[in-house]
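J.: Attaching a predicted model along with its sequence, questions to come.
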Amino acid sequence: MSETKEMTTTENTEAQKAPEKEPEKKPEKAPEKKPEKKKKKGRKRRIIRRIIWLIVILAILGGIGYLVYNKLRADYKVTYDPYTATTGSISNSLSFTGSMQLINSATYTASSETKVREINVSVGDKVKDGAKLIRLSDGTSIEAEFDGTVSAVNVAKGDEVKAEDSLITVADFDHMKVSVRVGESNISSVSVGQDCKVTVSSAGASFDAKIDEINYAEYTGNNVAYYTATVYVDTSATENIWPGMQATVTVTLEEAQDVTMLKNEALSTARDNTAFVYKENASGEMEQVEVTVGVSNGNYVEIKSGVTSGETVYKVAEKEEQASGLAGLFSGLFGNTQVNRPGGGSGFPGGGSGGSMPDFGSGNMPNFSGGFPGGGSGGSGGSRNSNGGGSRGN
């Protein structure tokens, strides 16, 4: 028992004396790091993929934009029509319509029951005032009361007639009149003694005359008043002018002779109501040029400044109906224009087409053989437009 105890004590003592060994620590492994090269390659691949997708998207959008742009350009073109200034005379006038009427006409009748003893004239004979026309058996002589033409003989020699029977008619076809209605809006522009021209289109004749009478006291019409103006016309130098023929009375208000003029439709109007035209400059672009206008007859207008005779100017033609507001924006930005030139040529100023042929939609070239509506000289038949389309009505 004692030995065992002693051993135990000894062992404990030795155990106390022996230093305790610490457990061996395993070296900590550093966290594994991915190689730098792998990181860079992965990032580069992502960037490339993004760039590729961006390029694809941009290409798709660009293709759509190109198609839309071409469609809009095809649908919206600014076309300029040409007009050439000429030299001539132009007037602003009022025109009124009426009919030719007799001033002097007389039908002679028997004053009592009697017999025709003698007839001295035939139908168509011209007679003077006081000429003896018919003699009756009761001693009565029928005489002309004015210069005129025998228009009817209603009896024959030896006929028996009763009182009031018609014998003969004389009319003055050399001096006639035209009565026209003048509306209240124009009556202040018409006055007695004013020069006018009377035209009988069916006879191809015209006469210089004056306004002889205006009846202000009597008028016709309900909402608008019309007054009667009368013009006396000497027709003695012209044959075949008869009562009832339609006649036009033209009163000239303004007149300009040997001046530069353009068709009215060649002019454009700015926001401040000034007139302007387009001219093509040396680089082929259209420039807006202000013009001063004078007398206009509704068809042609006098150009006092801004355009010279023989010069060609342009005006924007009507826009195509299918053009949208966005198409108009494209046209303004890219200048898709076409110029119809005199003589059948055409050009595209402003760089809109880049020098290439325009897009005509169907792929076929247009037929220019018929010329351009509204183009040409702008006044081949208007060198003298005193009676042109300037009528302002009655």
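T.: Arrived safely, thanks for sending.
J.: Distance of V127 relative to E285?
T.: 76 Å (Cβ to Cβ, to the nearest Å). Bear in mind the C-beta positions are built from the backbone N, C-alpha and C, glycine included.
J.: what about I64, is that helix, strand or coil?
T.: helix (DSSP: H, G, I helix; E, B strand; the rest coil).
J.: That one - how many residues pack around it?
T.: I64 has 10 neighbouring residues, counting by other Cβ atoms under 10 Å.
J.: Check the one 4 residues further on too.
T.: Taking other Cβ under 10 Å as the criterion, the count of residues near V68 is 13.
J.: do V301 as well
T.: V301 has 25 neighbours, counted by other Cβ under 10 Å.
J.: Now do the contacts for it.
T.: 90, 261-264, 267, 293-295 (Cβ atoms under 8 Å, 6 or more residues apart in numbering).
J.: Now the helix or strand where it lies - C-alpha only, PDB.
T.: Element membership for V301, per DSSP states H and E: strand 300-305. Extracted as PDB, the C-alpha positions of strand 300-305 are listed here (Å, rounded to 0.1, in the frame of the first residue of the first chain):
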ATOM      1  CA  TYR A 300     -51.400  89.800-113.600                       C
ATOM      2  CA  VAL A 301     -49.700  92.300-111.300                       C
ATOM      3  CA  GLU A 302     -47.300  95.100-111.900                       C
ATOM      4  CA  ILE A 303     -43.900  94.600-110.300                       C
ATOM      5  CA  LYS A 304     -42.300  97.900-109.400                       C
ATOM      6  CA  SER A 305     -39.100  96.500-107.800                       C
END
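J.: what packs against the following helix or strand past it?
T.: For strand 300-305, the succeeding helix or strand toward the C-terminus, using DSSP H and E, is strand 312-316. For strand 312-316, the packing partners by 3 or more Cβ pairs under 8 Å, 6 or more residues apart in numbering; DSSP states H and E come out as strand 78-84, strand 275-280.
J.: Please identify the most buried of these.
T.: strand 78-84 (a mean of 22; mean count of other Cβ atoms under 10 Å).
J.: Show me what the very next helix or strand once past that one is packed up against.
T.: Once the chain leaves strand 78-84, the next helix or strand it forms, by DSSP H and E, is strand 86-102. When contacts are defined as 3+ Cβ pairs under 8 Å, 6+ apart, strand 86-102 packs onto strand 175-183, strand 246-263, strand 286-296, strand 300-305, strand 384-385.
J.: can you tell which of those is closest to V56?
T.: Each of those was scored for nearness to V56 using Cβ to Cβ, and the closest is strand 286-296 (41.4 Å).
J.: Distance check, E184 against V251.
T.: The separation that E184 has from V251, given Cβ to Cβ, amounts to 16 Å.
J.: Would you format the helices and strands packed on strand 312-316 as JSON lines with distance to E145 and mean pLDDT included?
T.: Shown next, in JSON lines, are the helices and strands packed on strand 312-316 (distance: least, Cβ to Cβ, whole Å; pLDDT from 0 to 100):
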{"stretch": "strand 78-84", "distance to E145": "59", "mean pLDDT": "90"}
{"stretch": "strand 275-280", "distance to E145": "59", "mean pLDDT": "95"}
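J.: now those strands as a markdown table including distance to S166?
T.: Below are the helices and strands packed on strand 312-316 laid out as a markdown table (distance: least, Cβ to Cβ, whole Å):
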| stretch | distance to S166 |
| --- | --- |
| strand 78-84 | 63 |
| strand 275-280 | 64 |
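J.: which one of the ones you listed lies closest to V316?
T.: Closest of these to V316 is strand 78-84, at 6.0 Å (criterion: Cβ to Cβ).
J.: quick one: strands adjacent to that closest one?
T.: strand 312-316 (antiparallel), strand 337-340 (parallel) (DSSP bridges).
J.: More neighbours: V127 and E285, which one.
T.: Using other Cβ under 10 Å, the more surrounded residue of V127 and E285 is V127, with 18 against 14.
J.: Need phi/psi at the residue lying closest to that one once chain neighbours are set aside.
T.: Excluding the flanking residues, the one nearest V127 by Cβ to Cβ, 6 or more residues apart in numbering is A144, at 4.7 Å. Dihedral angles of A144 (phi, psi; degrees, to the nearest 10) stand at phi -70, psi 140.
J.: wait, doesn't A144 sit right on D125?
T.: No: contact status for A144 versus D125: not in contact, 10.2 Å apart, counting by Cβ atoms under 8 Å.
J.: what about those two, which has more around it?
T.: Using other Cβ under 10 Å as the criterion, A144 and D125 rank with A144 on top: 20 against 15.
J.: How is this structure divided into domains?
T.: Domain assignment of the chain by automatic domain parsing yields the ranges 78-89+256-385, 93-100+174-254, 104-171.
J.: Output those domains as JSON lines; include the columns distance to V68.
T.: Listed next are the domains of the chain as JSON lines, based on distance: least, Cβ to Cβ, whole Å:
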{"stretch": "domain 78-89+256-385", "distance to V68": "9"}
{"stretch": "domain 93-100+174-254", "distance to V68": "53"}
{"stretch": "domain 104-171", "distance to V68": "79"}
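J.: out of those domains, nearest to K44?
T.: Closest to K44 of the domains of the chain is domain 78-89+256-385 (Cβ to Cβ; 39.9 Å).
J.: got a list of contacts for stretch 184-200?
T.: Against stretch 184-200 from outside (Cβ under 8 Å, 6+ apart): 94, 100, 178, 182, 205-214, 216, 224-227, 229, 231, 233, 241, 245-253, 386-387, 392-394.
J.: Can I get that stretch in PDB? Just the C-alpha atoms.
T.: What follows is stretch 184-200, C-alpha atoms only, in PDB (Å, rounded to 0.1, in the frame of the first residue of the first chain):
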ATOM      1  CA  GLU A 184     -73.600  99.500-103.700                       C
ATOM      2  CA  SER A 185     -70.000  98.400-103.000                       C
ATOM      3  CA  ASN A 186     -68.900  99.700-106.400                       C
ATOM      4  CA  ILE A 187     -71.200 102.800-107.000                       C
ATOM      5  CA  SER A 188     -68.600 105.100-105.400                       C
ATOM      6  CA  SER A 189     -66.100 104.100-108.000                       C
ATOM      7  CA  VAL A 190     -68.400 105.000-110.900                       C
ATOM      8  CA  SER A 191     -69.400 108.600-111.900                       C
ATOM      9  CA  VAL A 192     -71.100 110.400-114.700                       C
ATOM     10  CA  GLY A 193     -68.600 111.400-117.400                       C
ATOM     11  CA  GLN A 194     -66.200 108.600-116.600                       C
ATOM     12  CA  ASP A 195     -64.500 106.900-119.500                       C
ATOM     13  CA  CYS A 196     -65.600 103.300-120.300                       C
ATOM     14  CA  LYS A 197     -65.500 100.700-123.000                       C
ATOM     15  CA  VAL A 198     -68.500  98.800-124.300                       C
ATOM     16  CA  THR A 199     -67.900  95.400-125.800                       C
ATOM     17  CA  VAL A 200     -70.300  93.300-127.800                       C
END
